[in-house]
Structures are given as C-alpha cells and as structure tokens.
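Chemist: following is a predicted model, sequence given first.
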Amino acid sequence: MKITGIKTFICHSYRTNWVFVKVLTDAGIYGVGESTLEMRELTVETAIKELERYIVGRDPHDIEAIVHDIYRDAYWRGGVVLMSALAGVEMALWDIKGKDLGVPVYQLLGGKVRTSVPCYANGWFAGAKQPEEFAEKAKIAVKAGFKALKWDPFGKEYMNIDPKALKEALDCIRAVKDAVGDQVHLIIEGHGRFNVPTAVKIGNALAEFDILWFEEPIPPDDKAGIAWVRKKISTPVSGGERLYSKYDFVDYLRMECADYWQPDVSHAGGIMELKKIASMAEAHYIPICPHNPSGPIANAATLQLAACIPNFYLLETMSNDIPYRNEISTEKVVFENGEMLIGNAPGLGIDINEEAILKYPYEARNLRHYQGNLTDIRPADQTQYFK
C-alpha cells in the first residue's frame, strides 16, 4: 500500500473553523485527521498541502518514520503551524493503519485501560453575562452529568485586573459554587492573559472555592514564570495546550510548571506524540487532561488516547455545539453518567461528509478574549451532539 495524496477541508464552526485532512492510498483505504488551528486555518491548510510531497509514495504503516522525517526536514523546527499540520496527517495515518488491520487505534498503542472517560464541560456558559445566569446554566450542565465545569470569568481583562473586575469574577465563581455545591469540580480558565503578580493575586483568591485547577494563569511563553506562579499559590495550575511537542514538555517537567498537563492532539504532532508526552507525565505522577475544544475527529483521536493512557484523568468536552456537527461527520458520541464511551470501530471510528462540509465554508474569526464577548462561544441554535 502506498500513499497517493492529501485532501483538505475547512468547515465553519461558529467560533472558529475546523480543518480536516484526508490521506489517500492506492488500496482504496483512506484516513481522516484534524488540524484545526483557531484563527490560522488557511495557514495550516497550506502547511498540510506542503507535507504532501513528503509522504506520497510511502507506506502509510510507517508512521514513526514519516513523522520523524517530516520533523527532521523542517529547518524551522517545531511551532504550532508545522505541528498542527503534522498532527492531522499523523492521525489520518493511524486511521488507515487501524482500518487496514481491522482494529481501533488504541489496540495498536497497547490496548485499553478503560472503556469510558470522565468529562468536564466547556461552553456550558454560552451567552451568560451575569452571575445568576452562569449559576442557572451550571445547574443544567450538572444535570447533564458532567464531572466538572470550566470557564473564564475575567471579562476582557489583560495583564492586570482592577478591584471591580476581580470582584465581579469572584462573584461569578461564588454564584456557580453556591448553585452546584460540591457536586462537581470547578475549573477556572485564565487563557494565558495575566502578568505574574496578577496571576498570583487571582490564584490566592481562588483558594476560597477549592478550584480543581487554574488554567494558563500567564502567557505560555514564559515557563519559568508559570512555575513561579505555581509555587506562590495554593490552587493547582494547569497548562500545555500551547506546547507543541515532547521537547516543549521536557522543560515543563524540569521547571515543574504545572500540576495537570493539557496537550492538544491537533497541535502537538498527533496521537503518538501525545502518547509520548503522557508517558513522561506518568513517570512523574502527573495527570493528563488534554485540551479538546475542537471538532469531531480531534475528539475521536483523543478518545483513542483516553483508552490507552493510564494517567489520563479528565476529557475536555464541549457541552453543546453547532447544529450541523452530526451532519458533517459520522460521529456517534455516547455520553453516560458523566463519561464518554470509547468505541471499538477500526481506526478512529469516524468519517467526514465532504458534501455537507461544502455547505459551511470558511469564515474568518478573530479572538474573543479581549473584546468583551468571551461567552459568545456557541450559536443561539446550539444543540447536544452526543447521546
């Protein structure tokens, strides 16, 4: 079997655009992957197409060699564009391998250690503005069965936070805590937008609420700064969604940056790279909670990893999504008792509908975090995509 080409597809998904990859072979077997790179979708699509000349004519089963050669030949090594492009292609190769051998990807990675994975909700707060609105939406998410709720209550603050904005954020957290009590964990997202003293002030204020983790308290560029914040607060710290390879996580480990690691399968080189990162974490008793706010193929790939990573703890899950998510793919997510079930279909167990994707073409989107519309994360006609 030889690889004959790559096709790419971009599907508008309200807050961003999903980038899908299809790797073709001369045996009629193809694989799908996802390289969604928020706000840089056209850039990563071009990078994917540039990888085609490296893989055409090669055996798709030789995943380790293909990934190594692509990374080796990238003179400007690493970075989110290359690693996101590589991630989508790599996922598709695993999908081909699993289909050809008739087994799910997790069987190729050592077999499963679990049949389902506990989930925390993101996006549950869509449209909320006032604390009481967050509280009511939190009750709905808890009723749906999620094990934890994550959100960013800091409005459009950047680097510093004034006393009024901090009080409003804490009032929002308190309202959610009062509404759901100890039924679920609460997770506070920082989106990497505070300086060190502000992050320390917020982190110490969060101690009142027994927060599971404070995510990306400062920008991800300064690993030493993140480690410094972690040492100065009692609230656990998470991060890693904006690290793009095992090499980046070596420094995270050496500097003791985070209590929870959050690599993203669409950005950190794909399935095997996350497996290697998770093994590094496992040797130091660090839980893996992958960043997973993207599309259906990224979710399918992350579920394969959840199946076979012993230190996999919580799966980030969008509580609702665009109404046509089930139209553009064959995704069949089963959600029971706060956990997603891991399927047993060959490969990644999912396919895309090319004709449906064409109905939702690319639309440019800018980052919301500093615009005052942070909770505008889902459309008014959002729906559940799982059963």
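Modeler: Okay, I see it.
Chemist: doesn't Lys139 lie inside a strand?
Modeler: No: using DSSP: H, G, I helix; E, B strand; the rest coil, the assignment for Lys139 is helix, not a strand.
Chemist: mind listing what it touches?
Modeler: With contact taken as C-beta atoms under 8 Å, 6 or more residues apart in numbering, Lys139 is in contact with 179-180. All C-beta atoms are positioned from the backbone trio N, CA, C, and that covers glycine.
Chemist: do I have it right that Phe386 meets Glu339?
Modeler: No: the pair Phe386 / Glu339 is not scored as a contact, 10.9 Å apart, by C-beta atoms under 8 Å.
Chemist: report the beta-bridge partner residues of Leu24.
Modeler: Counting by DSSP bridges, Leu24 is bridged to Gly5.
Chemist: residue contacts, it?
Modeler: Listed by C-beta under 8 Å, 6+ apart, the contact set of Leu24 reads 3-7, 30.
Chemist: what kind of secondary structure is Tyr120 in?
Modeler: Going by three-state DSSP: Tyr120 is strand.
Chemist: how much space between it and Ala148?
Modeler: Distance, Tyr120 to Ala148, by C-beta to C-beta, to the nearest Å: 4 Å.
Chemist: overlap of the contact sets of those two?
Modeler: Shared contacts of Tyr120 and Ala148, defined by C-beta under 8 Å, 6+ apart, comprise 185, 187, 314.
Chemist: quick one: Phe335 from Ser116, how far?
Modeler: 9 Å.
Chemist: residues that sit against both of those two, list them.
Modeler: Leu341.
Chemist: contact partners for Phe194?
Modeler: For Phe194, the contact set (C-beta under 8 Å, 6+ apart) comprises 157-161, 202, 217-218.
Chemist: can you show me the helices along the stretch 251-387 of the chain?
Modeler: 271-282, 296-308, 325-328, 354-358 (DSSP state H, counting those that start in this stretch).
Chemist: of the contacts of Phe194, closest to Tyr71?
Modeler: Using C-beta to C-beta, Ile218 comes nearest to Tyr71 of the contacts of Phe194, at 28.2 Å.
Chemist: next one: the closest one relative to Asn326, how far apart?
Modeler: Distance of Ile218 to Asn326, given as C-beta to C-beta: 38 Å.
Chemist: for those two, indicate the residue with more neighbours.
Modeler: Higher neighbour count among Ile218 and Asn326: Ile218, with 23 against 19, using other C-beta atoms under 10 Å.
Chemist: go ahead and confirm that one touches Gly190.
Modeler: Yes: with contact defined as C-beta under 8 Å, Ile218 reaches Gly190; the gap is 7.5 Å.
Chemist: mutual contacts of the two, please.
Modeler: Residues within reach of Ile218 and of Gly190 at once, by C-beta under 8 Å, 6+ apart, are Ala199.
Chemist: pretty sure Asn292 is touching Phe312, no?
Modeler: No: taking contacts as C-beta under 8 Å, Asn292 lies outside contact range of Phe312: 11.3 Å.
Chemist: okay, now Gly31: neighbour count?
Modeler: Using other C-beta under 10 Å, Gly31 is surrounded by 26 other residues.
Chemist: contact partners for it?
Modeler: The contact partners of Gly31, by C-beta under 8 Å, 6+ apart, come to 22-23, 60, 91-97, 99, 347-348.
Chemist: and of the shared contacts of Tyr120 and Ala148, the nearest to Gly343?
Modeler: Using C-beta to C-beta, the shared contacts of Tyr120 and Ala148 come closest to Gly343 at Leu314, 19.2 Å.
Chemist: check the shared contacts of Tyr120 and Ala148 against Tyr247 and report the nearest one.
Modeler: Leu314 (25.0 Å).
Chemist: Lys246 versus that closest one, what's the distance?
Modeler: 21 Å.
Chemist: so those two - more neighbours on which side?
Modeler: Neighbour totals were compared for Leu314 and Lys246, and Leu314 leads with 25 against 20 (other C-beta under 10 Å).
Chemist: count of neighbours near the closest residue to the more buried one other than its chain neighbours?
Modeler: Among residues not flanking Leu314 along the chain, Cys289 sits closest, at 4.6 Å (C-beta to C-beta, 6 or more residues apart in numbering). Neighbourhood size, Cys289 [other C-beta under 10 Å]: 26.
Chemist: mind listing what Cys289 touches?
Modeler: Under the criterion of C-beta under 8 Å, 6+ apart, the neighbours of Cys289 are 120, 238, 260-262, 312-316.
Chemist: now do it against Thr198, distance only.
Modeler: Plainly put, Cys289 is 24 Å away from Thr198 if you go by C-beta to C-beta.
Chemist: longest helix anywhere in this structure?
Modeler: Longest helix of the chain, by residue count under DSSP state H: helix 80-101.
Chemist: helices and strands around that one, which ones?
Modeler: strand 17-25, strand 31-34, helix 41-55, helix 63-72, helix 105-108, helix 271-282, helix 296-308 (3 or more C-beta pairs under 8 Å, 6 or more residues apart in numbering; DSSP states H and E).
Chemist: what residues does the fifth one touch?
Modeler: Put plainly, it is helix 105-108. 94-95, 97-98, 101, 112, 271, 301, 304-305, 307-308, 342, 347-348.
Chemist: same thing but 7 Å
Modeler: With contact meaning C-beta atoms under 7 Å, 6 or more residues apart in numbering, helix 105-108 is reached by 94, 97-98, 112, 271, 304, 307-308, 347-348.
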